[in-house]
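Novice: Take a look and give me a structure for this.
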Amino acid sequence: MAKLFYRDKPIIGLDISNTGIKVMAVDPKRWLVLGYGSVDLEPIKVKEALEGDSTYLTDNIQALLKDKVVGVLPSSHVVIGVPTARTFSRTFVVPSSTEKTLADAVEVEADQYIPIPAATLYIDYEVIERNKKEITVLMSAMSRIIIDNCVAAVESAGLHPTLVEPGISAVGRLLTATEDGHLPTIIVDIGPASTDIAVLEGGSIRVTGGLAIGGNTFTLDIAKKLGVTLENAHQLKVLSGLSAGPRQEKISAALAPSLERIIAETRKVIRYYNERMSEEHKLEQLLVVGSGSSMPGIGEYFTNALVMPARVASPWQKLDFGKLPEPAKQFRSRYITVAGLASVSPGSIWK
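Specialist: Now for the predicted structure:
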């Protein structure tokens, strides 16, 4: 009976990142947004809450639900998105003959590629492809203490967690539905403080990477190099960016070191994927999302640097806000992850 109850109940998304919490409810059949909201957080306090016993997350979830929601949230059942940088996703191939001992193969893979003891992780896996000779396995791992603290914070705020997943998986779900994400795709999610990089194929995230460089880093780079205030640097970033103009050369020079590090990490993820997958899985596009994607010229930069088709993703044409006021244009990108969380089909959780 409980299973049918959950299946019929709407699911809301709750995205917990290092810089904020976002909530959204979507009717996935119509892609109609029923309610949404966000609250900004202090990264240091988020870290303390994720790793310790602070009530910071609970307090802010409660404040968000009480005062910051536009529209309505039709349920208390939530899919939680956790910071991708705190998770590990890998795809690997093993002989079909080892399927009976697949758990052992997953443990070996985790020990080899994850720099954290397996005993401190929640590890899940699934077979995503198979033929007579080989099976392809997708493994995802997350820190136990972070997951436990996120779930406890959500429950203390009066909500009922039904699923926890890396934020990048939610992004992948939304892009699959709106941006030809069924094609083998590189996702570059540039947030305020960090960048997550992933390969999306067939609706699943196959491998992830990332680094502690984000949109705020770009602002600091411009302010320092051009000798302007942070406010002026932000304006230069969002209005001029990398596009042609009188200050393009100086802005591009200021951003070059950070962008080159993102490119290097992207190449690393691509190399890992190419070494593990056959040639038939050739990557076909790169999509830039996140707050950093609003910088003019960023899509062309990735196209030129990686010599592959790249563009800024714009899934908003799929979402219908109905009679609700839409988020201001400069804030829309912050809701991409939570929209992906909110678009989970309740029935898929209980298969």
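
Novice: only C-alpha atoms for contact and neighbour calcs from this point on.
Specialist: Will do.

Novice: Can you show me the helices along the stretch 251-351 of the chain?
Specialist: Here the stretch 251-351 of the chain has its helices, by DSSP state H, counting those that start in this stretch, at 298-306, 336-342, 346-349.

Novice: middle-most residue in the chain, spatially?
Specialist: Ile168 (2.6 Å; CA atoms, centre = their mean).

Novice: check which helix or strand covers it.
Specialist: helix 167-178 (DSSP states H and E).

Novice: Give me the residues contacting that helix.
Specialist: 15, 81-84, 181-182, 187, 189, 196, 198, 200, 202-205, 313, 315, 318, 336-341, 343 (CA atoms under 8 Å, 6 or more residues apart in numbering).

Novice: What subset of those is buried?
Specialist: Buried members of those, counted by 16 or more other CA atoms under 10 Å: 15, 81-84, 181-182, 187, 189, 196, 198, 200, 203-205, 313, 315, 336-341, 343.

Novice: Can you classify Asp180 as helix, strand or coil?
Specialist: Taking DSSP: H, G, I helix; E, B strand; the rest coil as the rule, one finds Asp180 in the coil state.

Novice: need the strands for the protein, in chain order.
Specialist: Along the chain, counting by DSSP state E, strands occupy 12-16, 20-27, 32-40, 70-71, 77-82, 87-95, 121-130, 134-143, 160-166, 185-190, 195-201, 204-211, 285-289, 310-312.

Novice: and those strands as CSV, adding distance to Glu260 and mean pLDDT?
Specialist: Output for those, formatted as CSV (distance: least, CA to CA, whole Å; pLDDT from 0 to 100):
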stretch, distance to Glu260, mean pLDDT
strand 12-16, 28, 97
strand 20-27, 27, 95
strand 32-40, 28, 96
strand 70-71, 39, 96
strand 77-82, 26, 95
strand 87-95, 23, 86
strand 121-130, 32, 88
strand 134-143, 28, 89
strand 160-166, 25, 93
strand 185-190, 13, 96
strand 195-201, 13, 94
strand 204-211, 12, 89
strand 285-289, 15, 95
strand 310-312, 16, 94
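
Novice: Pick the most deeply packed of the ones you listed.
Specialist: Highest mean neighbour count among these (mean count of other CA atoms under 10 Å): strand 12-16, with a mean of 29.

Novice: packing partners for that one?
Specialist: The contact analysis (3 or more CA pairs under 8 Å, 6 or more residues apart in numbering; DSSP states H and E) places strand 12-16 against strand 20-27, strand 77-82, helix 336-342.

Novice: and that strand, which strands flank it?
Specialist: Its sheet considered, strand 12-16 pairs with strand 20-27 (antiparallel), strand 77-82 (parallel) by DSSP bridges.

Novice: I'd like the ones you listed laid out as TSV, including distance to Glu126.
Specialist: TSV is the format used below for the strands paired with strand 12-16 (distance: least, CA to CA, whole Å):
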stretch	distance to Glu126
strand 20-27	27
strand 77-82	19
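
Novice: Distance from stretch 131-146 to the middle of the chain?
Specialist: A distance of 18 Å separates the centroid of the chain from that of stretch 131-146, by CA atoms, centre = their mean, to the nearest Å.

Novice: Tell me which helix or strand in this structure has the weakest average pLDDT.
Specialist: Lowest on mean pLDDT, DSSP states H and E among the helices and strands of the chain sits helix 2-8, with a mean of 47.

Novice: Enumerate every residue touching Leu283.
Specialist: By CA under 8 Å, 6+ apart, the residues touching Leu283 are 183-186.

Novice: Please apply the same query to His281.
Specialist: Pro184.

Novice: Find me the pLDDT at it, would you?
Specialist: Looking at His281, its pLDDT reads 74.

Novice: swap in the one 3 residues further on?
Specialist: At Glu284, the pLDDT value in this model is 90.

Novice: That's all I had, so thanks and see you.
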